[in-house]
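Colleague: Sequence and computational prediction follow.
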Amino acid sequence: MTVLGRDPEMALLRDALAAATAGRGRFVLLSREPGIGKTTMTAALAADAAAAGVCVVAARAPETSGARPCWPTRSSATSG
């Protein structure tokens, strides 16, 4: 999947994916204003990861005011 205008960012994400599949896990946080392409970049990376046989887990923050920072990450890390 091609993400127009985001080559440096996608290279960083794909490098993190390559490192993770080689046993050197990474944590990457995409955080910017709405409409900058975070969802598109995430979908592209998830497609790359799935194609490489990696299990992909996704979480999204609720689109409401007052949501706690990093809520999806916190809740998924502490559930189950």
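Modeller: Yep, that arrived. Numbering: from 1, shown residues only.

Colleague: so the residue nearest the centre of the chain is in which element?
Modeller: Note on the chain: the residue nearest the mean C-alpha position is Thr42, at 4.5 Å, using CA atoms, centre = their mean. Assessed by DSSP states H and E, Thr42 sits inside helix 38-51.

Colleague: Against which helices or strands is that helix packed?
Modeller: The contact analysis (3 or more CB pairs under 8 Å, 6 or more residues apart in numbering; DSSP states H and E) places helix 38-51 against helix 7-21. (Glycine included, C-beta is placed from N, CA and C.)

Colleague: in the helix it packs on, what's buried?
Modeller: Neighbour-count burial for helix 7-21, counted by 16 or more other CB atoms under 10 Å, picks out 9-10, 13, 16-17, 20.

Colleague: quick one: Ala20 and Arg26 touch, right?
Modeller: Yes. Assessed by CB atoms under 8 Å, Ala20 is found in contact with Arg26 at 5.6 Å.

Colleague: What is the neighbour count of the closest residue to the residue nearest to the centre of the chain other than its chain neighbours?
Modeller: In space, and not counting its chain neighbours, Thr42 is closest to Leu30: 6.5 Å by CB to CB, 6 or more residues apart in numbering. Using other CB atoms under 10 Å, Leu30 has 13 other residues around it.

Colleague: Spell out which helix or strand contains Leu30, please.
Modeller: Here Leu30 is covered by no helix or strand, with elements defined by DSSP H and E.

Colleague: residue contacts, it?
Modeller: Neighbouring residues of Leu30 by CB atoms under 8 Å, 6 or more residues apart in numbering: 38, 41-42.

Colleague: lowest average confidence, helix or strand, in this protein?
Modeller: Sorting the helices and strands of the chain by mean pLDDT, DSSP states H and E puts helix 71-78 at the bottom, at a mean of 63.
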